[in-house]
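Asker: need a 3D model of the sequence below.
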Amino acid sequence: MPMIHDVPRSTAFRWLMGAGRLVSRLAARLRPVLDLFPATMAGLFVLGLCAAGFWYLGVLHKDVVLLPATLVLALLAVGMILAVGLGAALTARALRRAHFDDAFLRLEANYARRTGIRWRAPLLPFIELSWEWLTPPEVEVRTVSRWRQVSEEVRPRRRCLVDGLIRRVQVRDVLGMARVVWRFERPSRVMILPDRGRLDQTTVLRSLVGGEDHPDPFGDAHGDRVEMRQYAPGDSARNILWKVFARNRRLMVRMPERALTAQPRTCAYLVAGPSDEPSAGLARVVLERRMLGEGWRFGADGSPGFAENLDSALEILARSGNPDTGPPGLAAFLKRAETDGYQNCLVFLPAASGEWLEEVRRAVAGSRLGLTWMVGLDGLQTSLERPPLWKRLLLRPEPTMPADPLRLAEALQSARAPMVLCDRKEGRVVADARQYLKVQARPGRGGAR
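Answerer: Okay, here's the model as predicted:
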């Protein structure tokens, strides 16, 4: 007797799968038409029930008590359907005549803001009006009504940059018997910047630029950590340390510490991937606080070029969060930066590994730039721990890609580049990320298991 897995897939099963895909495509094509049909499944069920009751109670049994109730219920359902259709027509007319101050919207993730849209909604009883944003996605929309004046408040969840704003408007009755849905498009440019969290604090900024080890945040710590050297012909006599000469009979002169390289040039690049919002917020802080020094350059996945001014850099940063980001461009960016004379590059990485990790390893394999990995997290401890079973069962957290910075540190260890962890939630910076992650991963310390 052959095993089940040895039996080839039957022709009927293939036809069934093809029919299912055909039905799905047909439903997607007919979705705009079905949304404009006012009756819902509940309304159609009530109308069908009323028709059956009218035939059974009125025509066959001549029930003078239940027949009027059936007719009243049918009239109520038809009235709701007509009211929703009329309300949708009036709402569409009011939206076309409304004044929208949304030619350019600059929003910030995780912060609510009024979009400046105010219009007068039609007054219809038992009718509810609501809408949502289809493009850009992941935006919570709340409509605020006061004396028929409707305004819009949005709270985006992720950075993006789009050139068209698409809303999905819905008019429905309070009983759920009828609804009309349509798309309302506006030629608006919407730029959503990542949330900076607590990375914009003074203590965090000092940690990012090196603290006490760097006299100037735009330079590299080169040279000896001394303040004197042996006397050479031509040195000024005012710089001679006579007390040192009295002790060891050697002429030493004061020498200011050289902590800056000659004209350092630093570039930065953001790699898009799962759980990259904290790293994007860190990149925004670095750009807005001008921590890259003079002659900087910024690039990100989703944009073929690069930016050398703040406005263009923020646009590239926001565009990297679009769903259709495209393939990584780190290799071409590093090659062009090395040709143009850059010495250092800050590479902002997502907190969760993915297909981008292998691309980054290949891109930095032959680069001669001084690389620094910058990883943003929303909580250093919670990102390394797995929630217990009772939390996963009771709280049911949203399915997100877990952050695994330890895996990133191990995968990129061959590049011999320092890695910096920045906690966006608590405003904390860990300069030696590899040592910190190894300590946290030890048994008994609540690390990853």
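
Asker: any idea how far Leu86 is from Phe104?
Answerer: 35 Å (Cβ to Cβ, to the nearest Å). Bear in mind the C-beta positions are built from the backbone N, C-alpha and C, glycine included.

Asker: compare neighbour counts for those two and give me the winner.
Answerer: The neighbour comparison of Leu86 against Phe104 (other Cβ atoms under 10 Å) goes to Leu86, with 16 against 9.

Asker: is it fair to say that one lies in a strand?
Answerer: No - counting by DSSP: H, G, I helix; E, B strand; the rest coil, Leu86 falls outside a strand, being helix.

Asker: secondary structure element for the closest residue to it other than its chain neighbours?
Answerer: Leaving aside its sequence neighbours, Leu86 sits nearest to Leu124 (Cβ to Cβ, 6 or more residues apart in numbering; 7.1 Å). Per DSSP states H and E, Leu124 falls between elements, in no helix or strand.

Asker: next, count neighbours for Leu124.
Answerer: For Leu124, using other Cβ under 10 Å, the count is 17.

Asker: not counting sequence-adjacent ones, nearest residue to the residue nearest the centre of the chain?
Answerer: The centre of the chain sits closest to Arg158, judged by Cα atoms, centre = their mean, with a distance of 2.9 Å. What sits nearest to Arg158 in space, not counting adjacent residues and going by Cβ to Cβ, 6+ apart, is Glu138, at 4.8 Å.

Asker: which stretches in the stretch 151-300 of the chain count as helices?
Answerer: Per DSSP state H, counting those that start in this stretch, the stretch 151-300 of the chain carries helices over the ranges 202-208, 242-248, 277-288.

Asker: pretty sure Ile127 sits against Leu175.
Answerer: No - the pair Ile127 and Leu175 fails to qualify as a contact (Cβ atoms under 8 Å) at a distance of 10.8 Å.

Asker: the more surrounded of these two?
Answerer: Legend: neighbour count by other Cβ under 10 Å for Ile127 and Leu175, higher for Ile127 (21 against 14).

Asker: count the neighbours of the residue lying closest to that one once chain neighbours are set aside for me.
Answerer: Nearest non-adjacent residue to Ile127, counting by Cβ to Cβ, 6+ apart: Gly87, 4.4 Å away. Applying other Cβ under 10 Å, we find 25 residues neighbouring Gly87.

Asker: need the contact list for Gly87.
Answerer: Contact partners of Gly87, counting by Cβ atoms under 8 Å, 6 or more residues apart in numbering, are 122, 124, 127, 129, 171, 180.

Asker: which phi and psi does the fourth one have?
Answerer: Same thing as Leu129. phi -120, psi 130 (degrees, to the nearest 10).

Asker: and the one 10 residues further on, by the same measure?
Answerer: When quoted as degrees, to the nearest 10, the phi and psi of Val139 stand at phi -130, psi 120.

Asker: from memory it sits against Pro156, does it?
Answerer: Yes - contact between Val139 and Pro156 holds when scored by Cβ under 8 Å: they sit 4.7 Å apart.

Asker: name the residues contacting each of the two.
Answerer: Ile192.

Asker: neighbour count winner among those two?
Answerer: Pro156 (27 against 20).

Asker: thinking the more buried one is in contact with Glu138, fair?
Answerer: Yes - counting by Cβ under 8 Å, Glu138 is a contact partner of Pro156 at 6.7 Å.

Asker: excluding its backbone neighbours, what's nearest Pro328?
Answerer: Glu359 (4.6 Å).

Asker: deepest of the helices of the stretch 151-300 of the chain, which one?
Answerer: Mean neighbour count, computed with mean count of other Cβ atoms under 10 Å, is highest for helix 277-288 among the helices of the stretch 151-300 of the chain, reaching a mean of 24.

Asker: can you name every helix or strand that it contacts?
Answerer: Helices and strands touching helix 277-288, by 3 or more Cβ pairs under 8 Å, 6 or more residues apart in numbering; DSSP states H and E, are helix 202-208, strand 266-270, strand 297-300, helix 310-319, strand 344-349, strand 370-377.

Asker: can I get the contacts of Gly87 in a markdown table including pLDDT and distance to Asn344?
Answerer: Formatted as a markdown table, those follow (pLDDT from 0 to 100; distance: Cβ to Cβ, whole Å):
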| residue | pLDDT | distance to Asn344 |
| --- | --- | --- |
| Pro122 | 80 | 60 |
| Leu124 | 80 | 63 |
| Ile127 | 86 | 61 |
| Leu129 | 87 | 54 |
| Val171 | 91 | 56 |
| Val180 | 90 | 57 |
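
Asker: which one of these is nearest to Leu371?
Answerer: Comparing the contacts of Gly87 against Leu371 with Cβ to Cβ places Leu129 closest, at 52.7 Å.

Asker: quick one: the strands in the stretch 51-200 of the chain?
Answerer: 104-108, 113-120, 127-135, 139-146, 149-156, 160-162, 165-173, 179-186, 189-193 (DSSP state E, counting those that start in this stretch).

Asker: tabulate those (TSV), appending distance to Ala363.
Answerer: Converted to TSV, these look like this (distance: least, Cβ to Cβ, whole Å):
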stretch	distance to Ala363
strand 104-108	30
strand 113-120	37
strand 127-135	31
strand 139-146	32
strand 149-156	30
strand 160-162	24
strand 165-173	35
strand 179-186	38
strand 189-193	26
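
Asker: start to end distance for stretch 103-121?
Answerer: 22 Å (Cα to Cα, to the nearest Å).

Asker: and for stretch 413-430?
Answerer: 17 Å.

Asker: buried set for it?
Answerer: 415, 417, 419-425, 427-430 (16 or more other Cβ atoms under 10 Å).

Asker: Asp378: which of the residues you listed is nearest?
Answerer: Lys425 (4.7 Å).

Asker: for Arg196, see how far away the closest one is.
Answerer: 11 Å.

Asker: just for the stretch 151-300 of the chain, where's the confidence low?
Answerer: Along the stretch 151-300 of the chain, segments meeting pLDDT under 70 span 202-227, 233-235, 256-264.

Asker: now the helices and strands packed on helix 277-288 as JSON lines including distance to Tyr56?
Answerer: Shown next, in JSON lines, are the helices and strands packed on helix 277-288 (distance: least, Cβ to Cβ, whole Å):
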{"stretch": "helix 202-208", "distance to Tyr56": "74"}
{"stretch": "strand 266-270", "distance to Tyr56": "68"}
{"stretch": "strand 297-300", "distance to Tyr56": "67"}
{"stretch": "helix 310-319", "distance to Tyr56": "62"}
{"stretch": "strand 344-349", "distance to Tyr56": "69"}
{"stretch": "strand 370-377", "distance to Tyr56": "66"}
